[in-house]
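Undergrad: show me how the following folds:
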Amino acid sequence: DDIESIAVGNGHALVATTDGTVFAWGRNDSFGKLGIGSNEPVIVPRKPQRVLGELREKKIIMVAAGSHHSLALSEEGTAYGWGMDE
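TA: Residues are numbered from 1 along each chain as shown. Take a look at the predicted model:
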């Protein structure tokens, strides 16, 4: 699928595809900013992984990334966040 939205945070990146799927890659941390079901630090680059949780059932149209958190906006207008202070 084509890219709908892309965001770059502090050591991590997110992409939402045109079908609404969200992928994350980069450095994970103890806050779980990648949203891949693990808070284990990831330092070695790896291929993008699909973000887990409620987002798997939603069509995401926009993503944003900060230092220790990630955000997504669904086509219904609901905002989702994960990572530090989730």
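Undergrad: going forward, measure contacts and count neighbours with C-alpha atoms only.
TA: Fine.
Undergrad: give me phi/psi at the closest residue to residue 33 other than its chain neighbours?
TA: Residue nearest to residue 33 in three dimensions, not counting chain neighbours: residue 83, with 4.0 Å by Cα to Cα, 6 or more residues apart in numbering. Residue 83 adopts backbone torsions of phi 110, psi -150, taken as degrees, to the nearest 10.
Undergrad: confirm for me that residue 83 is in contact with residue 70.
TA: Yes - using Cα atoms under 8 Å, residue 83 is in contact with residue 70, at 6.3 Å.
Undergrad: need the overlap of contacts for those two.
TA: 33, 34 (Cα atoms under 8 Å, 6 or more residues apart in numbering).
Undergrad: more neighbours, the two?
TA: residue 70 (26 against 21; other Cα atoms under 10 Å).
Undergrad: confirm that the more buried one sits in a helix.
TA: No - assignment of residue 70 by DSSP: H, G, I helix; E, B strand; the rest coil gives strand, placing it outside any helix.
Undergrad: so where is this protein shaky, pLDDT-wise?
TA: Applying pLDDT under 70 to the chain picks out residues 43-45, 85-86.
Undergrad: hey, where'd the strands end up in it?
TA: 3-8, 12-17, 22-26, 49-50, 60-65, 69-74, 79-83 (DSSP state E).
Undergrad: need these in JSON lines with distance to residue 35, can you?
TA: Shown next, in JSON lines, are the strands of the chain (distance: least, Cα to Cα, whole Å):
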{"stretch": "strand 3-8", "distance to residue 35": "14"}
{"stretch": "strand 12-17", "distance to residue 35": "10"}
{"stretch": "strand 22-26", "distance to residue 35": "7"}
{"stretch": "strand 49-50", "distance to residue 35": "8"}
{"stretch": "strand 60-65", "distance to residue 35": "12"}
{"stretch": "strand 69-74", "distance to residue 35": "8"}
{"stretch": "strand 79-83", "distance to residue 35": "7"}
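Undergrad: quick one, what contacts the residue nearest to residue 33?
TA: 31, 32, 33, 34, 35, 68, 69, 70.
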